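> Model the structure of this input:
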Amino acid sequence: MKKLVLLGASGSIGIQTIDVVLQHPDQFEITALSVGRNLDALHKILKQISVKKVCVQEKEALASLEKLYPDIVFTSGDEGLIELSQADDYDVLVNALVGFVGFMPTLKAIESGHDVALANKETLVVGGKLIKEALVKYNRSLYPIDSEHSAIFQCLQGNKHSQVKRLLITASGGSFRNLERKDLENVTVEQALAHPNWSMGAKITIDSADMMNKGFEVTEAHWLFDIDYDRIDVVMHEESVVHSMVEFVDHSVVAQLGSADMRLPIQYALSWPERLPLEEKHFDLTEIGTLHFKKPDMERFPLLALAYEAGKKGGNLDAVMNAANEVANLAFREGKIPFLMIEEIVIGAVHSVAFEEVNTVDDLIRANAWGRDYAYEKVKEVSQ
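Numbering: from 1, shown residues only. Model (predicted):
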């Protein structure tokens with residue numbers, strides 16, 4: 001029985017993690033979870049599972065929750081997330097948070113002797129170096145939940161790292177994959193959120209539409225699998241059937257295929273090295289018929305190109321890029337800026353910041369603050 005702490009339980013990954021746990025009650029138990037501000041979701045979750053501790057975003061909500069659930073210990077805010085991650089009564093932290101807020105819980109979980117199943121891609125985007133150092137120091141493991149990185153992880157099983165030639169990360173292209181840049185000037189939030197293949201949260205769906213998400217995944221792959229950026233390629237694949245591939249030195253390419261169901265990579269991260277049954281429709285390639293692949297257009301998707309640039313240079317650039325993107329992405333969803341201005345703000349931030357090495361958490365926090373401040377100012381200029 002693996003005991004889990006689930007951060008981000010009310011989001012898409014969190015909900016599907018709970019489903020996996022409910023399918024295998026003899027294998028997994030969630031001892032604590034967080035839900036941010038979504039208290040309606042919390043009430044529904046607590047009808048499904050019993051937990052010992054819960055973290056919510058707002059401290060003001062604690063009193064009423066404690067009356068409703070006297071057997072549960074409640075905590076709040078970023079401090080509450082870290083408190084849950086540092087507890088000594090669980091085995092694996094499932095980090096399904098969105099954004100920079102997910103970094104510290106990951107780090108603290110590792111430092112307190114826990115393995116991590118990671119869906120919070122920003123953890124490695126902003127602080128991959130620090131996380132890798134902590135994993136080595138505390139002898140812990142990091143299991144990928146992203147479908148692309150889970151696919152690579154699966155393809156590498158039984159193979160030698162030294163024999164990997166390159167990683168091939170597939171990309172659906174997002175909501176606007178069939179549009180030219182001139183067609184993007186007046187796209188709406190609703191259009192951007194209509195992903196053709198996957199059901200995801202709002203922030204990551206927008207990141208998919210401008211391919212910032214795929215850029216983040218390149219950076220993740222670099223840190224997860226110790227592969228240089230020059231040996232990580234993105235392949236456009238609109239069907240999202242091949243989740244990613246690994247090419248070996250003999251030019252053999254191993255791919256992992258499956259339906260667009262995040263429960264599979266979630267479950268594999270929790271059950272590795274075992275495979276457990278999963279309730280879903282039988283995967284049938286004959287129903288799909290044809291698969292398409294092509295190279296990405298870096299001019300069409302400049303944020304993908306920016307991620308390679310920032311990743312190769314390192315230092316504070318990834319953290320600045322992520323911070324500016326968080327602000328710009330939200331501003332677009334709130335109707336404050338047009339879609340293409342997300343790119344303008346993020347690229348501007350990375351090209352404007354003074355380069356600094358990131359060797360400590362304080363360095364990371366400073367880079368994050370700079371990127372957010374830059375983006376806030378740009379959004380404010382448009383709003384005035």
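
> those helices in the stretch 251-384 of the chain, which residues are they?
Using DSSP state H, counting those that start in this stretch, the helices of the stretch 251-384 of the chain run over 263-271, 285-288, 302-313, 317-333, 340-352, 361-383.

> Pick the most buried one from those.
Among the helices of the stretch 251-384 of the chain, the stretch with the highest mean neighbour count (mean count of other C-beta atoms under 10 Å) is helix 317-333, at a mean of 26. C-betas here are computed from N, CA, C, even on glycine.

> From the contact counts, what lies against the one helix or strand residue 74 maps to?
For residue 74, the enclosing helix or strand under DSSP states H and E is strand 73-76. When contacts are defined as 3 or more C-beta pairs under 8 Å, 6 or more residues apart in numbering; DSSP states H and E, strand 73-76 packs onto strand 53-56, helix 62-68.

> and it, which strands flank it?
Sheet neighbours of strand 73-76, with direction, are listed as strand 53-56 (parallel) (DSSP bridges).

> just how off-centre is the partner strand within its chain?
Mean C-alpha position of strand 53-56 versus that of the full chain (C-alpha atoms, centre = their mean, to the nearest Å) differs by 21 Å.

> Quick check: residue 37 touching residue 59?
No - in this structure, residue 37 is not within contact of residue 59 by C-beta atoms under 8 Å, at 11.7 Å.

> quick one on the thing from earlier: what's the closest of the helices of the stretch 251-384 of the chain to residue 230?
Set against residue 230 and scored by C-beta to C-beta, the helices of the stretch 251-384 of the chain come closest in helix 302-313, at 8.2 Å.

> for that closest one, packing partners?
The contact analysis (3+ C-beta pairs under 8 Å, 6+ apart) places helix 302-313 against helix 212-225, helix 317-333, helix 340-352.

> Report the angle between that helix and helix 317-333.
160 degrees (axes from the mean of the first three to the mean of the last three C-alpha atoms, to 10 degrees).

> Redo the helices of the stretch 251-384 of the chain as JSON lines? Include mean pLDDT and distance to residue 105.
Listed next are these as JSON lines, based on pLDDT from 0 to 100; distance: least, C-beta to C-beta, whole Å:
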{"stretch": "helix 263-271", "mean pLDDT": "97", "distance to residue 105": "16"}
{"stretch": "helix 285-288", "mean pLDDT": "92", "distance to residue 105": "38"}
{"stretch": "helix 302-313", "mean pLDDT": "98", "distance to residue 105": "23"}
{"stretch": "helix 317-333", "mean pLDDT": "97", "distance to residue 105": "16"}
{"stretch": "helix 340-352", "mean pLDDT": "97", "distance to residue 105": "25"}
{"stretch": "helix 361-383", "mean pLDDT": "96", "distance to residue 105": "13"}
